[in-house]
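> A predicted structure for the sequence below; I have some questions about it.
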Amino acid sequence: MRGLLRNAMLLILCGLAIPAAAMARNAKLPTASTSTVPHCIPLVGCNGARTQADPAGEFTMTMRDVGNNPIADIDVKIDFSACSHIHIADQASQLGGPGVSAMTVDCVNHTISALTNAYGVVTFRIIGAASNAGGNQPGAGHGCAVVTGGYAYLGTITVSAYNQDGSTGAMGVGGNDLSCWMGDFFAGVDRGRSDFDCSGGIPGGNDLSLWLGAFFTGKSACGATAQCP
């Protein structure tokens, strides 16, 4: 009888321990409601000296658990695989900049990831381009990229690109890209690649102003050495 009682107690204790362990694991995962993820991000070029990515493309994310506590050393991943006609630069072309997290590029799966710091923050500047040569080419709408922290889904973001014609090397953001953007503008098409102000609609005057800002600073004067397919 004592043996049966002992076994029953062990089963009860094990049953309590398993949910507790699962809760502890989940407490270390970020949640969409407490974490900070941007609605849209711009892909940029690099400066003429090829020492860093354009600061105009810098954005941060903060990972927090269900208790609103920051989570350090968790892998934050952006999946661009559904962003048709958007190309991220390969690993060697991602130059980062001061305070930018070390990024890992996976060209096969079209992802970029980085680890959060002690405050749960990760900072990106991503070099890349759109394939919009001639303007008004097919392309993704809004919210094409998926963000995860660990294995927790955190939402989608729109991806724009100042480099619209997909040029690489010494050809960064230039006049031809403006012509491509204007193709979207005059067609009135709703393409995420041309939505620099995160309005979620068709391109307009404010988007043009942001593109001109990126052009005249010269900090996106060069494109990637190579892009992911």
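Looks like it came in fine.
> can I assume V76 sits in a strand?
Yes: counting by DSSP: H, G, I helix; E, B strand; the rest coil, V76 is found in a strand.
> Please verify my assumption that it contacts G149.
Yes: the pair formed by V76 and G149 meets the contact definition of C-beta atoms under 8 Å, at 5.2 Å. Backbone N, C-alpha and C define where each C-beta goes, glycine included.
> what sits in contact with each of those two?
Residues touching both V76 and G149 (C-beta atoms under 8 Å, 6 or more residues apart in numbering) are M61, M63, T116.
> who touches the helix or strand that contains the first one?
Applying DSSP states H and E as the criterion places M61 in strand 58-62. Strand 58-62 is contacted from outside by 35-38, 41, 70, 76, 97, 100, 116, 119-125, 147, 149, using C-beta under 8 Å, 6+ apart.
> ChimeraX command to pick out the buried ones of the residues you listed?
Buried residues among these (16 or more other C-beta atoms under 10 Å), as a ChimeraX selection:
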select :35,37,41,70,76,97,100,116,120,121,122,123,124,125,147,149
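> got the contact list for T116?
Residues counted as contacts of T116 (C-beta under 8 Å, 6+ apart) are T62, M63, P70, I71, A72, D73, I74, V76, S101, V122, G149.
> Relative to F80, how far out is the nearest residue to it once chain neighbours are set aside?
Of all residues not flanking T116 in the chain, V122 sits nearest, at 4.8 Å (C-beta to C-beta, 6 or more residues apart in numbering). Remark: distance between V122 and F80 (C-beta to C-beta, to the nearest Å) = 16 Å.
> what's across from the residue nearest to T116 in the sheet?
Beta-bridge partners recorded for V122 (DSSP bridges): M61.
> Give me the subset of the contacts of strand 58-62 lying in strands.
Within the contacts of strand 58-62, residues falling in strands by DSSP state E are I41, V76, V121, V122, T123, F124, R125, V147, G149.
> Can you tell me which of those residues lies closest to G192?
The nearest member of the ones in strands among the contacts of strand 58-62 to G192, counting by C-beta to C-beta, is I41 at 10.0 Å.
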